[in-house]
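Participant: Show me the folded form of this:
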Amino acid sequence: MSSTPIADHALLSDCHSAGLVTRDRSVDWLCFPRFDSPSVFARLLDEAAGYWSLRPVADFETTRRYSDKTMVLETTFTTATGSVTLVDALAMGANERGHDIGGGAPSLLIRRIEGMAGQVEIQVEYVPRTEYGLIHPLLSRTEGGVAGRGGADLTMLTSPVELVLGTGSASGRFIVSAGEEVAFGLHYGQPGREPPRVWSQDELARRLDDTISAWRSWSELHQSYEGPWHELVHTSGRVLQALTYYPTGSIVAAATTSLPEAVAGNRNWDYRYSWVRDACLTMDALWVAACPDEAEKFFAYLSTAAATSLGRGADLQIMFGVGGERDLSERELPHLAGWKNSAPVRVGNGAWTQRQVDVYGELLAAVYRLRNQIGEFDSATRDFLVAVANTAARRWREKDQGIWEIRGPEQDFLYSKVMCWVALDRALGLADKLGASDQAIHWKQTMDEIHETVITSGWSDKAGAFTQYFGSDDLDASNLMMPIVGFLPARDPRMLATVDAIEDRLTDERGLVYRYDTHGGVDGLEGKEGSFVLCTFWLAQALALADQPERARAVFERAIAYINDLGLLAEEVDDSGELLGNFPQAFSHIGLVNAAWAISEAETRQAATRR
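Facilitator: Prediction:
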């Protein structure tokens with residue numbers, strides 16, 4: 001069983017794949033060659049599923065940080081005899097800069113130890129367990145390293161240190177003195193492709209330095225936000241970029257699978273796919289945190305992935321594989337115990353078959369927001385986006401499973417209806433660009449019908465608020481989006497009442513917001529979940545839009561109190577304050593960016609009125 005706190009992990013990314021490194025420098029999660037590929041190391045989910053550790057033999061203290069403006073991790077170990085700094089990175093391709101980082105990522109994890117003072121003895125433990133721990137690769141010595149093969153995976157560990165081979169493992173010790181550098185590299189390949197190889201020390205040094213330069217070039221080109229919490233906003237922007245799959249521009253919801261929403265619970269899902277909703281909201285957040293120049297690629301990916309579905313009368317699928325794959329059938333891996341014994345561990349995600357009509361709104365809202373970054377649409381993309389609007393106009397009355405992917409009965413969820421209204425509102429704003437001016441009257445009439453229905457059927461006098469679905473008295477944090485998307489003014493009395501009700505009755509004792517009340521099994525699942533980081537940021541954003549920046553700041557500060565030392569957030573926070581859920585979570589970082597921006601704008605407005 002793995003019990004390392006989720007917050008103790010750091011993210012590495014090459015915009016193809018992701019790895020997680022613990023505070024004591026063990027790579028406990030790594031998937032090659034894609035985010036959603038089977039793992040090479042998965043001790044995160046089971047002690048027997050593989051890891052790669054580099055750490056001092058003696059007792060040590062650690063400090064860590066990302067190298068300035070990068071996702072390259074630096075950890076300094078201090079022992080009684082000296083100190084060393086370990087630099088970890090998933091390598092970018094040679095000379096990649098700006099928009100092109102990740103284009104030629106070689107599936108190479110670099111780990112370089114630099115002696116800072118005195119001498120430190122280092123222990124290496126290399127335990128690859130490919131295909132989610134099912135395969136114990138055959139390891140053999142080669143000049144300068146250790147070759148591994150098993151199943152569909154080939155690995156080559158570059159090691160300048162002599163390692164002792166065990167059964168499916170390699171280990172050794174060496175001493176690093178002040179001024180000395182020792183670099184390791186794990187290169188991945190597959191049969192039938194260019195095989196992984198041993199890299200020289202000079203090659204690893206150049207590739208590491210070039211990767212640092214690549215990330216800095218991206219940050220310098222993209223990140224210009226200078227408002228409150230700008231360092232956290234910039235970190236969040238880099239995290240969102242790190243969760244982007246370069247070849248297609250798709251964006252994964254998180255880097256991991258099956259980190260639970262409650263310890264020992266079964267709310268464990270695979271988030272290494274591209275949800276239309278999450279990805280569109282990510283593009284929207286990058287408008288603030290980083291110039292989203294990659295928007296055109298993303299929308300081309302989406303229109304290709306969803307090609308033909310709307311045209312033949314089907315729903316827009318809510319999620320796709322990072323390469324555009326549609327079939328994401330869910331299965332369990334019974335040989336893995338799960339983090340803190342939180343089985344089952346799942347790969348794939350059964351939600352891909354669900355109807356969630358809100359996705360039409362998120363998609364067209366992102367297109368509208370980024371209309372100045374996107375060039376002229378080709379005819380296929382125009383047809384696709386018009387079909388999105390028309391499908392929203394046709395399907396808004398239908399029940400669905402909502403933004404939270406309820407696995408219980410379909411309902412008339414308020415958020416879904418509101419986002420269909422958003423789809424048509426944004427389509428109207430894009431009508432000329434889409435060549436669809438003839439649709440404007442129909443879209444406007446349907447918008448008005450949706451608005452009236454939500455206002456009359458979505459309000460509960462008993463709750464004193466807008467509720468989760470028509471006929472319900474239950475609160476749902478997704479209704480905080482109503483002013484954010486412009487469905488109602490933030491200062492509308494009904495909206496203010498809903499915000500107050502959520503803050504009073506849908507929060508934990510620390511003031512962190514739950515998505516909805518899980519008691520009573522409305523979602524078709526057992527157990528409970530933690531408070532939801534994104535929803536807390538939504539509360540802050542809604543308050544800022546209502547020109548209550550002091551109150552918004554207080555809520556924002558509650559949420560960021562749970563960021564780890566590197567600026568990373570998971571999906572939820574449990575009763576003890578521990579981060580829960582897949583990590584790092586794009587949704588949470590999206591919420592941080594947008595709430596910070598809204599508070600900055602509210603404070604600017606407030607200052608202007610005082611002049």
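Participant: quick one: low-confidence parts of the protein?
Facilitator: 1, 290-294, 307-308, 311-312, 519-528 (pLDDT under 70).
Participant: Excluding chain neighbours, what is closest to L186?
Facilitator: Among residues not flanking L186 along the chain, L109 sits closest, at 4.4 Å (C-beta to C-beta, 6 or more residues apart in numbering). Where C-beta positions appear, they are placed from N, C-alpha and C, glycine not excepted.
Participant: tell me the contacts of the one you found?
Facilitator: 12, 19, 27, 30, 88-91, 185-186 (C-beta atoms under 8 Å, 6 or more residues apart in numbering).
Participant: Quick one: the strands in the stretch 301-450 of the chain, in order.
Facilitator: 319-320, 331-332, 346-347 (DSSP state E, counting those that start in this stretch).
Participant: follow-up on the earlier one: on the three-state scheme, the residue nearest to L186 is what?
Facilitator: Classification of L109 by DSSP: H, G, I helix; E, B strand; the rest coil places it in strand.
Participant: Report the beta-bridge partners for it.
Facilitator: Taking DSSP bridges as the rule, L109 bridges to L90, L186.
Participant: same question, I251
Facilitator: Under the criterion used (DSSP bridges), I251 bridges to T244.
Participant: before we move on, back to that, and of the contacts of L109, the nearest to V198?
Facilitator: For the contacts of L109, the minimum distance to V198 (C-beta to C-beta) is 8.1 Å, reached by G185.
Participant: Please identify the nearest residue in space to that closest one, excluding sequence neighbours.
Facilitator: That would be T158: by C-beta to C-beta, 6+ apart, it lies 4.0 Å from G185.
Participant: Also P549?
Facilitator: Using C-beta to C-beta, 6+ apart, the closest residue to P549 is A602 (4.1 Å).
Participant: coming back round to it: so in terms of bridging, what pairs with the residue nearest to G185?
Facilitator: G145, G185.
Participant: That one touches L204, doesn't it?
Facilitator: Yes: between T158 and L204 there is a contact under C-beta atoms under 8 Å: 6.9 Å.
Participant: tell me which residues of stretch 185-200 are tucked away?
Facilitator: Residues 185-190, 196-199 are the ones in stretch 185-200 that count as buried (16 or more other C-beta atoms under 10 Å).
Participant: and the end-to-end length of it?
Facilitator: Stretch 185-200 has an end-to-end distance of 9 Å (C-alpha to C-alpha, to the nearest Å).
Participant: contacting residues around that stretch?
Facilitator: By C-beta under 8 Å, 6+ apart, the residues outside stretch 185-200 that reach it are 30, 32-33, 40, 52, 106-111, 142-145, 152-158, 204, 207.
Participant: Need the buried ones from the residues you listed selected in ChimeraX.
Facilitator: In ChimeraX syntax, the buried subset of these is picked out as below (16+ other C-beta under 10 Å):
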select :30,32,33,40,52,106,107,108,109,110,111,145,153,154,155,156,157,158,204,207
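Participant: picking that back up, so what sits against both of T158 and L204?
Facilitator: 183-185.
Participant: What's the biggest helix in this structure, counting residues?
Facilitator: When the chain is parsed with DSSP state H, its longest helix is helix 586-610.
Participant: Distance from the chain centre to that helix, please.
Facilitator: Put simply, helix 586-610 sits 21 Å off its chain's centre (C-alpha atoms, centre = their mean, to the nearest Å).
Participant: do stretch 369-382 as well
Facilitator: Computed by C-alpha atoms, centre = their mean, the chain-centroid distance of stretch 369-382 equals 25 Å.
Participant: do the same with stretch 404-423
Facilitator: For stretch 404-423 - counting by C-alpha atoms, centre = their mean - the centre lies 22 Å from the chain centre.
Participant: buried set for that stretch?
Facilitator: 404-406, 411-423.
Participant: Over to stretch 435-449?
Facilitator: Result for stretch 435-449 [16+ other C-beta under 10 Å]: buried residues 436, 439, 443, 446-447.
Participant: quick one: contacts for the residue lying closest to A91 once chain neighbours are set aside?
Facilitator: Spatially, and ignoring its direct neighbours in sequence, A91 is nearest to L108 (4.2 Å; C-beta to C-beta, 6+ apart). Counting by C-beta under 8 Å, 6+ apart, L108 makes contact with 14, 90-91, 185-188, 199, 207.
Participant: Please report how far F556 lies from R505.
Facilitator: When C-beta to C-beta, to the nearest Å is the yardstick, F556 and R505 sit 20 Å from each other.
Participant: Now do the contacts for the closest residue to A49 other than its chain neighbours.
Facilitator: Spatial nearest neighbour of A49, chain neighbours left out: G133 (3.2 Å); criterion: C-beta to C-beta, 6+ apart. Counting by C-beta under 8 Å, 6+ apart, G133 makes contact with 39, 42, 45-46, 48-50, 335-336.
Participant: Can you give me the distance of G133 to L12?
Facilitator: G133 is 20 Å from L12, where distance means C-beta to C-beta.
Participant: Just the buried subset of the contacts of G133, written out for PyMOL, thanks.
Facilitator: Applying 16+ other C-beta under 10 Å to the contacts of G133 leaves a buried subset, and the PyMOL line that selects it is:
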select buried, resi 39+42+45+46+48+49+50+336
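Participant: closest to W229 among the contacts of G133?
Facilitator: Nearest member of the contacts of G133 to W229, counting by C-beta to C-beta, is L45, at 32.5 Å.
Participant: does that closest one count as helix, strand or coil?
Facilitator: L45 ends up coil, using three-state DSSP.
Participant: Now do it against I113, distance only.
Facilitator: 27 Å.
Participant: M495 too?
Facilitator: For M495, the distance to I113 - C-beta to C-beta - is 55 Å.
Participant: next one: S83
Facilitator: Taking C-beta to C-beta, one finds S83 at 11 Å from I113.
Participant: Comparing these two, which residue is more hemmed in?
Facilitator: The neighbour comparison of S83 against I113 (other C-beta atoms under 10 Å) goes to I113, with 24 against 21.
Participant: Tell me the secondary structure at that one.
Facilitator: Assignment for I113 (three-state DSSP): strand.
Participant: show me what contacts it?
Facilitator: For I113, counting by C-beta under 8 Å, 6+ apart, the contacting residues are 54, 84-87, 122, 176, 181-183.
Participant: Looking at those, which are in strands?
Facilitator: Of the positions in these, 54, 84-87, 122, 176, 181-183 sit in strands, assigned by DSSP state E.
Participant: Next, format those as TSV and append distance to W275 and neighbour count.
Facilitator: Shown next, in TSV, are the ones in strands among the contacts of I113 (distance: C-beta to C-beta, whole Å; neighbours: other C-beta atoms under 10 Å):
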residue	distance to W275	neighbour count
L54	35	24
V84	41	29
T85	37	17
L86	34	24
V87	33	20
I122	41	21
V176	44	24
E181	41	16
V182	41	22
A183	37	22
